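> Below is the sequence, then the predicted model.
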Amino acid sequence: MNELHLSLNIDGLPLFKSSKVTLWPVLGRIINLEPEIVFPIAITCGSSKPQCLEFLKETVDELKILMQNGLLIGDKAYSIILSCIVCDAPAKSMVKAIKNHTGYSSCDRCVIRGRSVHRRMTLADCTTLPLRTASSFRAQTDPEHHRGYSPFCDLQVDMVNYMHCVCLGVMRRLLLRWIRGEKSTTKHVPLKRPSLSAHQVQIIGERLLALKTHLPKIFARKPRSLVEVDRWKATEFRVSKHVTEQLAEFAHKLLTSFVKKSSELYGELFPVYNVHMLLHLSKDAITFGGLDKCSAFRFENYMQQILKNVRSGKNLLSQVVRRHKESVSMPIVNDQQSVKKFTSERPNNSYILENGHCCEILEVLDDSIAPNLKCQVFTSKYPLFQSPCTSNLIGAYTTSLTVAIIKRIPSSYIASTAILLELANGKIVFLGIAHEFFY
């Protein structure tokens, strides 16, 4: 490996509920190196959102040097490539010095012009619109899109984030629309009734809770009832999302169809900025080799570590820097973070093999780094559903014990983690987890 692909994150971190003091860390991670570790590059503290981008100057200047000259580690030289900057919509508009997501020319991917509907900005046009390019952005050919000059204009970089766009944006909006309807914003907009009855919401909530015992440990948060949807985190909305780069073209057709019909299904106020950005999602999956490579999940987790390091309101930056120095100076007891640990205990023993077969680990035969496994392998599988597309596209299969054989296999044959569900009719369902593939 001769290249290091760097991903940056810039976002605000409120420290106290009783104060406006906020940290603005610039975080980084190497996305083509396992395990992916988040590290701080710069941290700014203030009582408000930065009014200018001067706090990014040193970071950008250092990046220029690294991208031009590379990085020498020992006797080996590495090229530094800035793959993307991960921001939510408000931070992205600030860092790129462009109009906010509520503006008419807010989309930084295409030249769509929004339409104000009852004081809400909507972007419902799904026709083929000219895309913005690096040259047109730097030349500021669309004056209505820009608010100033971004220090990142001198660097080849893109800024995306599906965590806030899809998980906390569209999925959250859809769930709230289904279970609560949409309140009237003005006297001219009638109340939109919920799509689901109270009984249906209760049944879905019960099924979500029943999934708790079937989800493997890679899910940091287990499902909660829809009654608590206001407190759901992005990882909980993520359970319902599957977009893979291998099927990006098909995914784009589905997403385009959804955006086109969203106004008809959920009203003319529905296709806001986050909904429109779904049209550009499949391209990001191809560009970055998967949406997890340009998501904010790892950065948000690290932000919580920073928050825990602040223990009083005095010398805030000193506290964060000292705690960071302590963490990096601690001796590493076990440097096996990237080694996959296998178990025969449910629900953490279900996988999809490289040949496409589903399997369940019955016994780990040795304790080496790449152990051999005694598995129950299901040699035949069928799509869980066929409409609107075959479920094979998202790794959802059904099988049964009648086609199962006991087999010894190397752990290197495993391709992805899966969720195993046993149905009342004796059938077994395997759900491949799209965002947790082995490399």
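Received it, and whenever you're ready, just let me know what you need. The model shown is predicted, which means the values in this text are computed figures rather than measured ones.
> Run through this structure and note the low-pLDDT ranges.
156-169, 182-194, 220, 231-246, 329-339, 434-439 (pLDDT under 70).
> where do the helices sit along it?
57-69, 89-95, 134-139, 162, 172-180, 198-210, 234-238, 248-266, 273-276, 281-288, 297-309, 316-329 (DSSP state H).
> Columns distance to I409 on top of those, output as CSV?
Placement of C-beta: from N, CA and C, glycine included. CSV is the format used below for those (distance: least, CB to CB, whole Å):
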stretch, distance to I409
helix 57-69, 43
helix 89-95, 45
helix 134-139, 47
helix 162, 34
helix 172-180, 39
helix 198-210, 31
helix 234-238, 29
helix 248-266, 31
helix 273-276, 43
helix 281-288, 30
helix 297-309, 31
helix 316-329, 38
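> okay, these, which one's buried deepest?
Comparing those by mean neighbour count (mean count of other CB atoms under 10 Å), helix 162 comes out on top with a mean of 27.
> thinking again about what came up before, looking at the helices of the chain, which is closest to A404?
helix 198-210 (24.0 Å; CB to CB).
> With respect to A424, which of the helices of the chain lies nearest?
helix 198-210 (12.2 Å).
> and the closest one, C-alpha only, in PDB?
Extracted as PDB, the C-alpha positions of helix 198-210 are listed here (Å, rounded to 0.1, in the frame of the first residue of the first chain):
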ATOM      1  CA  ALA A 198     -52.500   2.900  16.400                       C
ATOM      2  CA  HIS A 199     -52.900  -0.900  16.300                       C
ATOM      3  CA  GLN A 200     -50.500  -1.200  13.400                       C
ATOM      4  CA  VAL A 201     -47.900   1.000  15.200                       C
ATOM      5  CA  GLN A 202     -48.200  -1.300  18.300                       C
ATOM      6  CA  ILE A 203     -47.700  -4.400  16.200                       C
ATOM      7  CA  ILE A 204     -44.600  -3.000  14.500                       C
ATOM      8  CA  GLY A 205     -43.300  -1.900  17.900                       C
ATOM      9  CA  GLU A 206     -43.700  -5.400  19.300                       C
ATOM     10  CA  ARG A 207     -41.900  -6.900  16.300                       C
ATOM     11  CA  LEU A 208     -39.000  -4.500  16.700                       C
ATOM     12  CA  LEU A 209     -38.700  -5.500  20.400                       C
ATOM     13  CA  ALA A 210     -38.800  -9.200  19.400                       C
END
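> Please state the offset of that helix from the chain centre?
25 Å (CA atoms, centre = their mean, to the nearest Å).
> what does stretch 124-137 give?
The answer for stretch 124-137 is 23 Å, by CA atoms, centre = their mean.
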